[in-house]
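Colleague: Here is my input; please provide its structure:
(2 chains)
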Amino acid sequence: MSSGKKHIDDFLRDKLGADQPTSQDTGWNDFANVYSKHKEKKRKRRFLIIFFFVFASAAALITLKFATDNSNSISDTKITHNNNDSNSSGNSGNSNNTNNKSTNLNRNSPASQNEAFKDGNSINKVESNESNISSTEKYAPVNKNTISKSSVENKNSTQSNSKLKIGKSKSNSNKVVDKVAVLDQKNEITTPKVIASNKKRTSINTEINNSEESKIETIRISQPQLTKLNSAEFNFNVFPENNFAFDPFKYRDTSRKKNKYNFEIPIWQIAAMVSPTTTFNNYFIKPSNNKFVHKDLLDKYDGSIKNKTTLNYGISAKYNFSKFSVSSGIEYFSTGQVGNYDLYVNNAPIFDIDGSIAGYYYLDDEFAEHTTGSANTTITYIQVPVLAAYVFPLSRRLAISTQAGGSFLFNTGSKGDILTAGRLQKESLNDKSQQRKTNNNLIGGIGIQYQFSRKMSFSFDTRYSSMLKPQLSNSMRYNNHIRTIGFNFGLIFNLSH
Amino acid sequence: MNLARTSNSDLIDACVKGDGRAYKEVFELFSPKMMSICKRYADGYDEARDFMQEGFIRVFDNIHKFRGDSSLETWITRIMVNNAITNIRKKAKKAGFVDVADLGEDEGPESDMLDEQAQAMEIEEVLECMQKLPAGYRTVINLYAVDGKSHKEIAELLGISESTSKTQLLKARKYLKQLITLIKK
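Modeller: Predicted coordinates for the structure are as follows:
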């Protein structure tokens, strides 16, 4: 190397490596404006994502709800037509009460006595909604000679009572077929109204959000008086508060540094999940109702139904205090059972004057009442869970989470057939008086979370829930306790750190 | 300006908590140095300022990730350089790496030596020459000569082959020397 000469690389390193601009203008004001716009843009994007997410989820829930309602309506209509046909032709051999009645009366067997009681029971059911009917009218006479007459009378009574009932509520009876059809039409008319009102509400929400966003756009950064600070004497309290507005989702130090794995726990998270959930039905009879319920009911259910798996889904928001968090949201939650009824009711009950079962006649299969058909039922709820959770970080990206809490359940519909308490006949579950309108779930679960990016995590957890109250109402005389086990697959979006 | 980690820890915590005054303090503390780095990579002052502002946005968006493994200044510098390179790569995708057609014959090791007169140049003059270099040359010579990266690292950073990095460096030296000579005349 020649003396006095320098390699160009060394020259650049010496000149530029130690370069310190002397300008005092650091450009903070310009940067503050740029950064403010950047945060504004980021916040808008975040709001849009949340809005889209909530809107899409709500739309999906509403769509599913009305799809379920429509399928219920179609199913009811079909049943109605079948009943009409069978009534007009006078055929026997199905579970329709009128047909059963004629069949059993012709046989003139002990079962026919029961059918007379059946009509009496029908009246009783209808009349149970009418409090002003005297108890002496409720039951058919026990005397065999009067069975046919009282059957006819009872039939008429049933029709007239059904007329009254239809005017008052949505509950209907399979016995008066024409009236059921009228009710179905009524349901179909009301559904579009609900849809229209929902649409209206959605558009209002949109406007509100937009107006909020335009307000936010008007925020401008106030330029603080620049004061040169000595870094050694730096004091954060020198400047007034809020002289530089940033994000409403203010950054906050969370437990990220408090757990040794640096597992990031943002303050706010939203999540979407789908959950294949298996329902376990446990039918039971309260001791006080034992005398009103057929002794074979539980056995018949055990032999007919199986656990049902449904697909539930929902969205939730979570606030993390540190490793501890609380969350809530809205979920579509459904339960039910699957199976088929193929029942011979060999023990025909004899009802007492108060509707309790005094005893049973044994019948051969030839004479026993044969009930067939699908045992599938579905009961849908909107669930609002409130859960407390705690995470145990395992690594920078992986953590175990445990959760416990409760939920509010709002019954939104049901379909399928269940068995009546006394005669073990199929009865449609589309009458809401048969079920509780609200209920509560006790929830516990454990799962894992995997953070595959700063913004998103995947979660999988097993959730056990148990309804605090029976699902069927007291009018059914027997009840069921519903427990579920769900496997939740979720996507978690981090809103802030 | 290389502040000790402990003296910066309060500042970093305040930034993590979203304190605007802390942001300002960090910006004023490091922006002169960062501006000089950005100037080395940028085509001109405006682009350098854009690089720096974008770099600081990244710094503040990610300051919660700063673990203190290195000094804050080193961490910010790394973000600035990476940000500048990302921008240059974006530009290169559109325009491609410009190759100066005829730089004359290679005159051996002596061709990369600068005389005393050239060494007396002001920093601003050197930066001016740097900014006249095509982006590819400028980036490679910056990374190699000033930031001390190897050809392998440069190749990874820029998404080019090592041989391309070497070729670009040789041409950058030659071109830069011609520019410096021209200015000194």
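Colleague: Quickly find the element holding residue 38.
Modeller: You didn't pick a chain, so chain A it is. Using DSSP states H and E, residue A:38 sits in helix A:28-89.
Colleague: that's the other chain; I wanted chain B
Modeller: helix B:20-41.
Colleague: which other helices and strands contact that helix?
Modeller: helix A:28-89, helix B:5-16, helix B:45-61, helix B:72-95, helix B:123-132, helix B:135-141 (3 or more C-beta pairs under 8 Å, 6 or more residues apart in numbering or on different chains; DSSP states H and E). Every residue, glycine included, has its C-beta placed from N, CA and C.
Colleague: at 6 Å instead, please
Modeller: When contacts are defined as 3 or more C-beta pairs under 6 Å, 6 or more residues apart in numbering or on different chains; DSSP states H and E, helix B:20-41 sits against helix B:5-16, helix B:45-61, helix B:72-95.
Colleague: Helix B:45-61 and the first one, what's the angle between them?
Modeller: Put plainly, it is helix B:5-16. With axes from the mean of the first three to the mean of the last three C-alpha atoms, to 10 degrees defining the directions, helix B:5-16 sits at 90 degrees from helix B:45-61.
Colleague: Report all helices and strands that helix B:5-16 contacts.
Modeller: Counting by 3+ C-beta pairs under 6 Å, 6+ apart, helix B:5-16 packs on helix B:20-41.
Colleague: got the angle for the helix it packs on vs helix B:5-16?
Modeller: Orientation check (the same axes, to 10 degrees): helix B:20-41 against helix B:5-16 gives 110 degrees.
Colleague: Check which residues of stretch B:67-79 are buried.
Modeller: Residues of stretch B:67-79 classed as buried: B:72, B:73, B:75, B:76, B:77, B:79 (neighbour count, 16 or more other C-beta atoms under 10 Å in any protein chain shown).
Colleague: Kindly export that stretch (C-alpha atoms) in CSV.
Modeller: What follows is stretch B:67-79, C-alpha atoms only, in CSV (Å, rounded to 0.1, in the frame of the first residue of the first chain):
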residue,chain,number,x,y,z
ARG,B,67,-35.3,-7.5,25.2
GLY,B,68,-32.1,-5.7,26.0
ASP,B,69,-29.8,-8.3,24.4
SER,B,70,-28.0,-5.4,22.8
SER,B,71,-28.0,-1.6,23.3
LEU,B,72,-31.1,0.3,22.2
GLU,B,73,-29.0,2.1,19.7
THR,B,74,-27.8,-1.1,18.1
TRP,B,75,-31.3,-2.4,17.9
ILE,B,76,-32.6,0.7,16.3
THR,B,77,-29.7,0.8,13.9
ARG,B,78,-30.5,-2.7,12.8
ILE,B,79,-34.1,-1.8,12.2
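Colleague: can you count the residues close to the residue in chain B that chain A sits nearest to?
Modeller: Chain A sits closest to residue B:20 of chain B, with a gap of 2.7 Å, by C-beta to the nearest C-beta. Neighbourhood size, residue B:20 [other C-beta atoms under 10 Å in any protein chain shown]: 21.
Colleague: Can you tell me how far it is from residue B:56?
Modeller: Look at residue B:20 and residue B:56: by C-beta to C-beta, to the nearest Å, they are 13 Å apart.
Colleague: ditto for residue A:301
Modeller: Counting by C-beta to C-beta, the gap from residue A:301 to residue B:56 is 69 Å.
Colleague: which SSE is residue A:372 in?
Modeller: Counting by DSSP H and E, residue A:372 is part of strand A:369-374.
Colleague: So which residues make contact with the next helix or strand after that strand?
Modeller: The C-terminal neighbour of strand A:369-374 among helices and strands, as given by DSSP H and E, is strand A:377-393. Strand A:377-393 has contacts (C-beta atoms under 6 Å, 6 or more residues apart in numbering or on different chains) with A:68, A:259, A:261, A:263, A:323-328, A:330-331, A:333-337, A:399-403, A:405, A:407-416, A:429.
Colleague: For strand A:377-393, buried residues please.
Modeller: In strand A:377-393, counting by 16+ other C-beta under 10 Å, buried: A:377-385, A:387, A:389, A:391, A:393.
Colleague: Ok, stretch B:60-68 next?
Modeller: B:60, B:61, B:63, B:64, B:66.
Colleague: So it, near chain A or not?
Modeller: Yes - with C-beta under 6 Å from any C-beta of the partner chain as the criterion, chain A is reached by stretch B:60-68 at residue B:64.
Colleague: Note down every partner strand of the helix or strand where residue A:280 lies and its orientation.
Modeller: Residue A:280 is part of strand A:268-284, with elements assigned from DSSP H and E. Applying DSSP bridges, strand A:268-284 is found paired with strand A:305-320 (antiparallel), strand A:479-494 (antiparallel).
Colleague: so who does the residue nearest to residue B:51 when sequence neighbours are not counted touch?
Modeller: Spatial nearest neighbour of residue B:51, chain neighbours left out: residue B:38 (4.0 Å); criterion: C-beta to C-beta, 6 or more residues apart in numbering or on different chains. Counting by C-beta under 6 Å, 6+ apart, residue B:38 touches B:48, B:51, B:52, B:84.
Colleague: Just the buried residues out of those, in ChimeraX syntax.
Modeller: In ChimeraX, a selection of the buried entries from these looks like this (16+ other C-beta under 10 Å):
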select /B:48,51,52,84
